[in-house]
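J.: For reference, the sequence and a predicted model appear below.
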Amino acid sequence: MKIEQLTIADLPEAAKFCRINMKFDIMPDFLFKEKTFDDPDFNPELALVARNENEIIGLMVGVIRTHKKLGKIGYIKLMAVKSSERRKGIASQLYEIIHEKFVKEGCERERIYESHPNYFQPGIDPLYTEAICFVERKGFKKFNDTANMICSLVDKNFDTSKDEERLLSDGIIIKRADKDDYDKTMKFILNEFELWEDEVKFAFKNNPISLHIAIYNDEVVGFSAYDTNNLNTGWFGPMGTSPKMRGKNIGGVLLKRCLKDQQSQGHPFAIIPWVGPIPFYSHHCGAKVQRVFWRYEKLI
């Protein structure tokens, strides 16, 4: 076995390897590219494949991000081992190389998968029992869990015109953001939802801009976005409403405007990832919990 850095020439083979060996997930070539080479923090020293002769039998991709509150974190962003080659130490060898790089670069902690803003899943689905066992053997501790929800878009009516008229009578404007809304939107995000700064910036780069906002007294007081991560797979979010404006159904209206856009794109369903308020999405669009994820961390 030899371990090499992942190259762009490996992309089709590596994506196919993930499709075969990550049986509860999808990994088309375009998505694999987004999760690896298109990540602005991509480092080839942290993207490794294990080969037996010319065949990929293991893959692990890490990334380092610096967050204002949590400091420098090393993430294991993707990992998979060929089913017939497991329990042979392949994942351990890949991990140790990446872990040493995390230590050398001054990371304060490591986490699994949840490498926002560009991430594949918000944690490990416990259906991947081997992955759970592996990270716990490596000293990772479960500190939280979260869930993805799924919302059917087939034959659904997401018209919000009456609700928008009601909100307008209270001085609240609901609209798709345009480039002239950028500054006021980012001011709101940095004040209220700093964690989602990068995703909202990404939404402004899409055509059309994949962001709907609520404006009151010429200030943004709510937002809802889609196509900010895992592009072309029907992912919704993030979204948020200013605490002082909650209880007016602003969030429900912004949610439905995004779902209507995704419906127009031809998606049969929307994925609502890393969900906090499960009852909110269940009430407003009939979403149901689809996947559960365990979040793991290891202090360095």
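T.: Arrived safely, thanks for sending.

J.: Might you report the residue contacts of D41?
T.: Counting by Cβ atoms under 8 Å, 6 or more residues apart in numbering, D41 makes contact with V63, I64, R65, N118. Yep, even glycine has a C-beta here, placed from its N, CA and C like the rest.

J.: give me the number of residues near the last one?
T.: If you count neighbours by other Cβ atoms under 10 Å, N118 ends up with 22.

J.: Does it lie in a helix or a strand, and which?
T.: Using DSSP states H and E, N118 maps to neither a helix nor a strand.

J.: wait, isn't it in contact with N229?
T.: Yes: judged on Cβ atoms under 8 Å, N118 makes contact with N229 at a distance of 6.3 Å.

J.: Can you name the residues bridging to S224?
T.: Following DSSP bridges, S224 is listed with bridge partners H212, M239.

J.: in what helix or strand does M149 lie?
T.: Per DSSP H and E: strand 141-152 holds M149.

J.: That strand pairs with which strands?
T.: Strand 141-152 has its sheet partners listed here by DSSP bridges as strand 269-272 (antiparallel), strand 288-299 (antiparallel).

J.: Please parse this structure into its domains.
T.: 2-145+294-299, 155-267 (automatic domain parsing).

J.: so how far is the first residue of the shortest one from its last?
T.: Separation of the first and last residues of domain 155-267 by Cα to Cα, to the nearest Å is 12 Å.

J.: Find the residue closest to V154 in space, skipping its chain neighbours.
T.: Residue nearest to V154 in three dimensions, not counting chain neighbours: P268, with 5.5 Å by Cβ to Cβ, 6 or more residues apart in numbering.

J.: In contact with that neighbour, which residues?
T.: Residues counted as contacts of P268 (Cβ under 8 Å, 6+ apart) are S152, L153, V154, G234.

J.: one step back: of the contacts of D41, which is the most crowded?
T.: Counting by other Cβ under 10 Å, top hit in the contacts of D41: V63 with 24 neighbours.

J.: Check what pLDDT the residue nearest in space to the middle of the chain gets.
T.: The centroid of the chain falls nearest to Y119 when counting by Cα atoms, centre = their mean (4.3 Å). Looking at Y119, its pLDDT is 97.
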